[in-house]
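J.: Please find the sequence and the predicted model below.
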Amino acid sequence: MPLDRTEDIRSIRVAANGLEFRVDECGDGDQLALCLHGFPESPFSFRHQLPLFARLGYRAWAPDLRGYGGSSRPRGVSAYKVSALRDDVAGLIDASGAKRVLLVGHDWGGGVAWSAAMHRVRPIERLIIMNAPHPQVFARSMLRLEQLRRSWYIFFFQLPWLPERLLSAKNGEAIERAFVGSAVDPSRFPPEVTRVFRDNALIPGALTAMLNYYRAMPLALLDKNPWSLPPIQIPTLLIWGEKDKALTKQLAFDARQYVEDLTLHLLPNVSHWVQQEAPEQVNAVIESWLSSKAERAASSSLHA
């Protein structure tokens, strides 16, 4: 399936939750597709999906998450705890004025999307997650040696200043390697693509903010009753590149126990950077799933 044109993506500013967000926007209307990027990415990681959502009738927003790129960069580790990130989701939805919401997330953005759905911060109609484990699944996976070994970087990122120094060295060369070195198809990450992410990370203060997402992870343990939340009832699509070097495939299967209506789609020769490395496949899966859900909803209303 050919990709939709990206020329109609525009940059806007949105005030939400007491912060200001730079947002890539495509399309219009009162249906919102809110796309949350991961580490060390930016809204550019959804460049192939925003036009798709616009064609399907959504106003698609992909914000620089707090601390990233052109969005507000509050100081301090506690400003990046997951409860604050959930509040950003709620604030962005409110600012959009949308009547119906599709929430989309990859990597860290997927973790935030999972959490927003678990805590029901706002009415969300559909949920799409890409290579991001359900938070409860991930917490339990850290008891397994294989996932613990793959998650070594989380512990490294807890250190002060050293991760920033290494990631920023040689104009952010390590940021480029994060994509090219772990991709199944490195040609999807030419210099003009990785330069966007490198430049974003090299904005003064940005790397510390980006790493504070990881440094704030222990604070999630202070969330009220994080293990007593009910299963997610929102229809959910989980897309998973099987060649993810950081996350085991078992994490995708284990999500079933926490989601009542889960569609799992595995892409066998695709890495963690799934929507960038295989946008044609990802977009086809998304369009098919959204169409089937819309048809089922229409059929149910007719027979109600």
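T.: Good, I have the coordinates.

J.: Near Tyr207, how many other residues are there?
T.: In this structure residue 207 is Leu, not Tyr. Counted by other C-beta atoms under 10 Å, the residues lying close to Leu207 total 22. In short, each C-beta sits where N, CA and C put it, glycine included.

J.: so it is in which element?
T.: helix 206-215 (DSSP states H and E).

J.: Extract the C-alpha trace of that helix and format it as CSV.
T.: Taking Å, rounded to 0.1, in the frame of the first residue of the first chain, the C-alpha atoms of helix 206-215 are listed here in CSV:
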residue,chain,number,x,y,z
ALA,A,206,16.6,18.4,26.2
LEU,A,207,18.7,15.2,26.9
THR,A,208,18.3,15.7,30.7
ALA,A,209,14.5,16.0,30.3
MET,A,210,14.4,13.0,28.0
LEU,A,211,16.4,10.9,30.4
ASN,A,212,14.3,12.1,33.3
TYR,A,213,11.5,9.9,32.0
TYR,A,214,13.6,6.9,33.0
ARG,A,215,14.8,8.5,36.2
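
J.: Residues contacting the helix or strand just after it, please?
T.: The first helix or strand that comes after helix 206-215 along the chain, using DSSP H and E, is strand 236-241. Applying C-beta atoms under 8 Å, 6 or more residues apart in numbering, the contact partners of strand 236-241 are 117, 126-131, 184, 249, 252, 255, 259, 261-267, 270-275, 277-278, 282, 285-286, 289.

J.: one more time with 7 Å
T.: 127-131, 249, 252, 255, 259, 261-267, 270-272, 274, 277, 282, 285, 289 (C-beta atoms under 7 Å, 6 or more residues apart in numbering).

J.: Helices - which of those land there?
T.: Counting by DSSP state H, those place Ala252, Val274, Glu277, Val282, Val285, Trp289 in helices.

J.: what's the angle between the one helix or strand Val193 maps to and helix 206-215?
T.: According to DSSP H and E, Val193 maps onto helix 191-201. Computed by axes from the mean of the first three to the mean of the last three C-alpha atoms, to 10 degrees, the angle separating helix 191-201 from helix 206-215 equals 80 degrees.

J.: Give me the contacts around helix 191-201.
T.: 40-42, 44, 68-69, 167, 171-172, 175-176, 179-180, 206-207, 210.

J.: Buried residues, it. List them.
T.: By neighbour count with 16 or more other C-beta atoms under 10 Å, helix 191-201 contains the buried residues Val193, Thr194, Val196, Phe197, Arg198, Asn200, Ala201.

J.: Might you report the residue contacts of Glu173?
T.: Contacts for Glu173 (C-beta under 7 Å, 6+ apart) come out as none.

J.: And it, how far from Pro163?
T.: Going from Glu173 to Pro163 by C-beta to C-beta, to the nearest Å gives 14 Å.

J.: residue ranges for the strands of this protein, please.
T.: 10-16, 19-26, 31-36, 59-63, 100-106, 126-130, 236-241, 262-267 (DSSP state E).

J.: Asp4: which of the ones you listed is closest?
T.: Of all those, strand 19-26 sits nearest to Asp4, with 8.9 Å by C-beta to C-beta.

J.: same for the closest one, what does it pack against?
T.: The contact analysis (3 or more C-beta pairs under 7 Å, 6 or more residues apart in numbering; DSSP states H and E) places strand 19-26 against strand 10-16, helix 50-55, strand 59-63.

J.: Tabulate those (TSV), appending distance to Lys243, mean pLDDT and mean neighbour count.
T.: Putting the helices and strands packed on strand 19-26 into TSV (distance: least, C-beta to C-beta, whole Å; pLDDT from 0 to 100; neighbours: other C-beta atoms under 10 Å) gives the following:
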stretch	distance to Lys243	mean pLDDT	mean neighbour count
strand 10-16	32	98	13
helix 50-55	23	98	23
strand 59-63	24	98	26
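
J.: No further queries at this time; thank you.
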